[in-house]
Structures are given as structure tokens and as C-alpha cells.
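*Asks:* this one's sequence-less:
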């Protein structure tokens, strides 16, 4: 298996394109992207659990009710959530894409990201759509177009074999702020040429969302627009996966790798972040227990601020575990911090080890920090990803709209 | 009714004292406080729900098992949580106070606040305790001694009548960071000369914690040391309240006023805070629904950062409502922002009103901001309090231990 960086254009038959429509006043970057398959796809999606659901999400859900799709249109600069004429504008957008590409409107999925509560400039979108040029070199351009406060594009690709046929799976995503997914998640678009039924694709996507995108947090805010979509066009010509056999497992694993790789990039590029924090809880009674504890640690503002300051404040880690809602015995917890510079155990059986603070400070200077927690209660484990809390998070968010 | 500022010394028979023990290296402020009643008290307490419970909390719980107490010893500079010999040191502290004041150790309650995970310097405490002078002028001194990153003392007092007898109730508290109480809460100490049974006192305290201390949030982190204690020495000579009659209601109301007044001061003095945020959700089906929505809004990092930047970003408010876990109809929500400078409706029936951003900016410049949400679903309401997210929160917390 090898990973490639052609993102949504890595799998056979997929192209992408981007353009500048001027959706957000004053912004000159591309803000419109299309992902397209030359043949119809089986498709699956997972959405935000936020009660406030953006209009494009409702339209996408309806268009996906038959498990089929062929194109995705995405805009940044406006979330089209709690916005005037939201569904109308999302439908108009899908219709225009269908017209331009010669598809049925229900085969076009719609996604948006940006400010909540303002009416979408749909005229700018409709005018710009016909100008978008599709090519299999444009994954990066599409990736740039869907970014908001992201500082880096986020892409991943992987090839693997099914019944002797070479298959590909790749994706792009955007994150940055309002990242604390629950079931659904920020925007991620994944394409594959593997042949797999809509039902099995949905099953694989849902299970993998739980262990990847739902295990990251930037600021504890779950967005109104979170959405992960997978398109599978079957152009790899493997025998279609329709049940849970060996091929499903292979596909599942490849999908997991791509989704985890994208999720980690979102956590690392959280708004204002200077460090990726990876928290692994092991020795747990259940995976749920481990996940709840790890998520609470990477979501704690106090732990995140301490990581920014390179302060090995394990007291805040055990405190965040304590209010997570998961039960555990605090008197048997071990906590270590690690990075490329080494590892240091700061807490053994719930008490300080009197480890050297200077060594800890050196370890915490790296870009990627591990918080390693052992419960000594069982054999289950889970990893969650987050980032530190910095001055830049406040700078970015104190006047995001203006 | 009048409010006074004598805090824990406002009620008859109560004195307080403070001293510097040097618990946290390098700190020169007072870090030890005693609150004392000249006669035995009925007492009640509510504690943190954090699974990691500080040692003093365990000792206090045991000492309170008979519903009686006469003194409280509090230290700042060290939380004595997840610390070596934690319970031993808490017990030694109670014993020393008992010896100095001529009490039984089980009539002494213990509370701590400060860094988690370091062994308490109990020798410094034991040496300093005998030097503490008690006086009814010392509530403010005790208040200063229990502060950590608090920038202001927090005190409240109120007098009222029960059966023609003048009663007093007063309190002090500390908050600042790690404030997101759940059942129990940060440190608050309330004293009254009203006569009331331990059972009724516990009942009144618990009910009022729900609508006061449990409705504030600074950073979403629930501490290991949260504790609210009420001592009632009966020196007002009213007939002891032993059931839910008219006098209980009067006492309950007075206690509520004092607790709400203290809670709001904690929210306003949250770490780094420049503004108090008061979020009221009305028109709700149930008080629980209103409370869950209001708490989610004051806890949202994105809303808090927007308030710091005076950005009337109501989209973040409705988004935080959406992921709160409470059900509601987003298409019937109204959202307004208010302050001493006036009020402005930004969202009507879940859509923008296109209100003037400059007017909103003026309103959001004040120290105390109201977020007023109406659901149009029923007649229940709830208010929660929080503060904005500023650069100073990051500054304070990136290296709190050092």
C-alpha cells in the first residue's frame, strides 16, 4: 500500500475544479469547488448531530436517499445555515451544477462552510459555476477553495488490491474552528474507484467516523454544517462488495487509514494551533471508557493552554478525566508526556513522580505531543486528537465575521 | 432587606482570620483562612461531581456526616488533590485547628484550592495555624487568603426577618479558572445566624446550587475541589426551621440571593475575563431545556471569543444551542444582545434581522452583556452566567504552575 497526494482525483474517473465566485465580501480566494465522477457512484454520508442543520445538508440528505450521486458542489465563505432562503439557494445550486454537467439534480450533493446566519450570494455562485474547469490535476485547487481559516490543505490517498484489481481511495477536507464532531463532522470528501454497494459503503463510513473524525476536537464547538461524503464509482472493476467478507475488511482498513490521516491533519491545523496533541488512553475496561476520557483531555481548555506553554501540568489531565463522565479509579492512573524528544512519566498510580520539569519542558517543545494514559483496568484503548489553545485562537475568533 | 459586605462575619457569632504560611513557593500573599462560629452549627455542603476528588473534600464529607460543624480551615496555593499523603495532611490540618480552637476534629471542615498533583506543605500550615487571629472584621482578609488567580474578592450579605427575629446570611467565595461546576462548585463559604436543621439547610443549599453556582462557566473545566459549605449557628434565636413552611421559604429566598450574587461575581472575574455574559433563555417548554441551552451558549469558546471582540455573531449562539443536547425548533428562535447601552434583536424566527452592526458594536462594548434568547415554545426560563475568552486567559493558563 502506498499513500499519494492526489486527494479526490487519486481514484480513477474522478476530476475536480475550483473558481472564485466572491461569496464573502473582500475575499479574493477561490470559494467554489466541484468534485465529479465520469460515471455514477454509490455514495454514503454522515452529518452533524447539531439540531441546527445547514440547508445544504438537508438537500444533500434528500438527494442521497437513493444511495447514488455523481458530483459534489462545495462553497466556502458562507455556511448557508440559519440563513434566508437557505434550501432554495442550495437547490438552485444543485440544479445549476446538474445543468452544466448534464446530470439529474438529485445526483448532485451540496456542502457549505463559512459564517452562519447570512443569506448566501447564490447569484455569484450560479454565474461562476459554468466557468469551472474539471481536471484530474485539480484536487489541490478544490482543497484550497473549501478552506476558511485553515492554514494548510489536507489530503490523503492510498492504493490497495481487491480481487487482484488495483483500487484507490483518496480525500480532501477542511477544518480549523468549530471542530468537535459528533457523529457527523466538518467537511470531508472521499472518492474511490472500488466497487461497493451503498449499504456497505455507509456501514464502513459510519464505523470509521467514530474512530477518526469523531475523535478530534479543536474548540468543543460542533458545527451546523459538518458532513463527510464518500463516492465510489466502481471503475477499478473489482467484484462489487455487497457483504462483510475479506474484501470488505480490506476496503474498511484502507478507508480507515485515509480518514484517520485526514482527521489528524484537521486537529493539527486547528485555529491558532501550534501543536498537535494526541491522547491515548489504554488499559481501559471498554473502548467507550477510553474514548470518553481521551476526548475530555484533548477538549480541556486548561490542558490545551498548558500545552501551549509547555507546562507538564498532569493535574489538569487527571482533572479533565475526572469530569469526563466516564468512571475510573484515579488512584491507579499513570500519565506520561511524549514527543520526538522522548517520553517522561509524570504520574504513577495517581500521584506525582517528581520527574524533572526541565526534561518535560524540552519534550513539550515539539510540534506533536503525546499524552499517554494507562488505567490498568483492562485491555481496551482509544486515541483522540486535539491542539493547543493559543493567543491566535482568540485573535482569529474575536472578529471572524469582519 | 439590605445587602452588606461583611461576608462570613455578617451573621452573629462568626469570626474569621487569615495568615501567610508559604504553601506555594515564591508567593507572599496570605494563603490560610479560618472561619469560626462561637457556638456549634448545623451545616450542609455540596461537592464536585468530578471522579477525582481532592483529599480535603473526602475529610470534610466524613466530618459532616453528623450534620454539625463549628469551623472551616481553607488553604490556597495547593489543591491537595491527587497528591501524596493527601488525606493524612487534611486530617492533620483539621486536628491542629481543633486543638487551637478547643474543638473536636470532626467539627472542623477542610477546603483547599491551587495546583493539582503536588504534595501539600503541611508543616508550613501546622506551624502557622496557631498564629491566626480571629475577629469579626476579618472576612475580607479570609477572602483574600483563599484567592488564586481571582482579581477581586467576592462577598455578599443580606439581612431578613424570621418570626420577628432579625437574621443574617453572608458569604465569600473564590473562582477564576477551572470553573464549570456540576452539582458541587468552586469554593464558597456561607454563614448564617438563622436557626435551621441540618436537613432543611442541606435541602435549601442543594436546590439553590442548581440555579446559581451550577449555572456559571468560565472554561468548561470542572474542578476536583469544588465545595460550597453553609454554617448555621442559630444565634438569631428564631424558632428552628425544621420543615417547608413560610419561614423556610423566606430563608430559601435569602440564601438564593446571596448565592446568586456570589456566583455572578465568579463569572465576572473568570480568568482573563473582560466582560460578564448573562444568557437568559425564555419561552422554553421546561426549565431544564432553558438551562441546557443557556449553559451551552455561555460555555462556547467561539461565542466567548466573539464577545471579547464585540462581534454580534448570533450564528455562533444558535450553533451552540444546536449542539447543547436540548431539543428546540431553530426556525422559531429570537436572539437579542443587550447591555447598559441598549438592546438589539439580531435574529428573528431563526433568521437574521439585518440589524445595524455598528449599533451592536456599541452595545457590546460594556462590561456586562446580556444574550437574550426566546424559543416561543412555553413559559419556562433559565439564566446562566459566563465571561468572554481573552488573550489573558491563555496568558494565565499557559504556565500556571510556574
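*Replies:* Good, I have the coordinates. Quick caveat, the model's predicted, so the values are computed rather than measured. Numbering: from 1, shown residues only, chains lettered A, B, ... in the order given.

*Asks:* which phi and psi does residue A:364 have?
*Replies:* In terms of degrees, to the nearest 10, the main-chain angles of residue A:364 are phi -80, psi 0.

*Asks:* Now do the contacts for it.
*Replies:* A:307, A:310, A:311, A:312, A:337, A:339 (Cβ atoms under 8 Å, 6 or more residues apart in numbering or on different chains). To be clear about C-beta, it is placed using only N, CA and C from the backbone, and glycine gets the same treatment.

*Asks:* Can you pull out the low-pLDDT segments for the stretch 1-150 of chain A?
*Replies:* Applying pLDDT under 70 to the stretch 1-150 of chain A picks out residues A:1-5.

*Asks:* Which pair in the contacts of residue A:364 has the greatest spatial separation?
*Replies:* A:311 and A:339 (14.2 Å; Cβ to Cβ).

*Asks:* Also near chain B: which of the contacts of residue A:364, exactly?
*Replies:* A:310, A:311 (Cβ under 8 Å from any Cβ of the partner chain).

*Asks:* So which of the contacts of residue A:364 are in helices?
*Replies:* Judged by DSSP state H, helices contain the following of the contacts of residue A:364: residue A:307.

*Asks:* Can you lay out the contacts of residue A:364 as JSON lines showing pLDDT and neighbour count?
*Replies:* Converted to JSON lines, the contacts of residue A:364 look like this (pLDDT from 0 to 100; neighbours: other Cβ atoms under 10 Å in any protein chain shown):
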{"residue": "A:307", "pLDDT": "94", "neighbour count": "30"}
{"residue": "A:310", "pLDDT": "93", "neighbour count": "20"}
{"residue": "A:311", "pLDDT": "90", "neighbour count": "21"}
{"residue": "A:312", "pLDDT": "90", "neighbour count": "25"}
{"residue": "A:337", "pLDDT": "96", "neighbour count": "26"}
{"residue": "A:339", "pLDDT": "96", "neighbour count": "18"}
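
*Asks:* Turn the contacts of residue A:364 into CSV, including distance to residue B:367.
*Replies:* Listed next are the contacts of residue A:364 as CSV, based on distance: Cβ to Cβ, whole Å:
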residue, distance to residue B:367
A:307, 31
A:310, 33
A:311, 30
A:312, 36
A:337, 39
A:339, 41
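
*Asks:* and which of the contacts of residue A:364 is nearest chain B?
*Replies:* For chain B, the nearest member of the contacts of residue A:364 is residue A:311. The distance, counting by Cβ to the nearest Cβ, is 4.8 Å.

*Asks:* Just the buried residues of the one helix or strand residue A:205 maps to, please?
*Replies:* Using DSSP states H and E, the element containing residue A:205 is helix A:198-211. Using 16 or more other Cβ atoms under 10 Å in any protein chain shown as the test for burial, helix A:198-211 gives A:198, A:200, A:201, A:202, A:203, A:204, A:205, A:208, A:209, A:211.

*Asks:* before we move on, what about stretch A:35-46?
*Replies:* Buried residues in stretch A:35-46, counted by 16+ other Cβ under 10 Å: A:35, A:36, A:37, A:41, A:42, A:43, A:44, A:45, A:46.

*Asks:* does the lengthiest helix in chain A come close to chain B?
*Replies:* Counting by DSSP H, the longest helix found in chain A is helix A:246-268. No - taking Cβ under 8 Å from any Cβ as the criterion, helix A:246-268 and chain B are apart, separated by no less than 15.3 Å.

*Asks:* avg pLDDT for that helix?
*Replies:* In this model, helix A:246-268 carries a mean pLDDT of 89.

*Asks:* What is that helix packed up against?
*Replies:* Packing contacts for helix A:246-268, counted by 3 or more Cβ pairs under 8 Å, 6 or more residues apart in numbering or on different chains; DSSP states H and E, involve strand A:154-162, strand A:165-174, strand A:187-192, helix A:198-211, strand A:276-284, strand A:380-387.

*Asks:* shaky segments in the stretch 201-350 of chain A?
*Replies:* Flagging of the stretch 201-350 of chain A using pLDDT under 70 yields the residue ranges A:220.

*Asks:* what residues does it put near chain B?
*Replies:* A:219-224, A:299-302, A:305-306, A:308-311, A:313-316, A:318-324, A:326-328, A:330, A:347, A:350.

*Asks:* sorry, back to before: winner for burial among the helices and strands packed on helix A:246-268?
*Replies:* Compared across these, strand A:187-192 shows the largest average neighbour count, a mean of 29 (mean count of other Cβ atoms under 10 Å in any protein chain shown).

*Asks:* so what strands line up beside that strand?
*Replies:* strand A:165-174 (antiparallel), strand A:227-232 (parallel) (DSSP bridges).

*Asks:* List the contacts of that strand.
*Replies:* Contacts of strand A:187-192 (Cβ under 8 Å, 6+ apart): A:8-11, A:14, A:35, A:37, A:72, A:74, A:111, A:113, A:146, A:167-174, A:213, A:225-233, A:236, A:251, A:255, A:258-259, A:262.

*Asks:* one more time with 6 Å, if that's ok
*Replies:* A:8, A:11, A:14, A:35, A:72, A:111, A:113, A:169, A:171-174, A:227-232, A:262 (Cβ atoms under 6 Å, 6 or more residues apart in numbering or on different chains).

*Asks:* Contact partners for the residue in the stretch 51-200 of chain A that chain B sits nearest to?
*Replies:* Nearest residue of the stretch 51-200 of chain A to chain B (Cβ to the nearest Cβ) works out as residue A:116 at 2.8 Å. Neighbour list for residue A:116: A:79, A:81, A:82, B:315, B:319 [criterion: Cβ under 6 Å, 6+ apart].

*Asks:* Out of those residues, who's the most crowded?
*Replies:* residue B:319 (33 neighbours; other Cβ atoms under 10 Å in any protein chain shown).

*Asks:* what's the closest non-adjacent residue to that one?
*Replies:* residue A:224 (5.2 Å; Cβ to Cβ, 6 or more residues apart in numbering or on different chains).

*Asks:* so who does that neighbour touch?
*Replies:* Counted by Cβ under 6 Å, 6+ apart, residue A:224 has contacts A:50, A:52, A:54, A:81, B:319, B:322.
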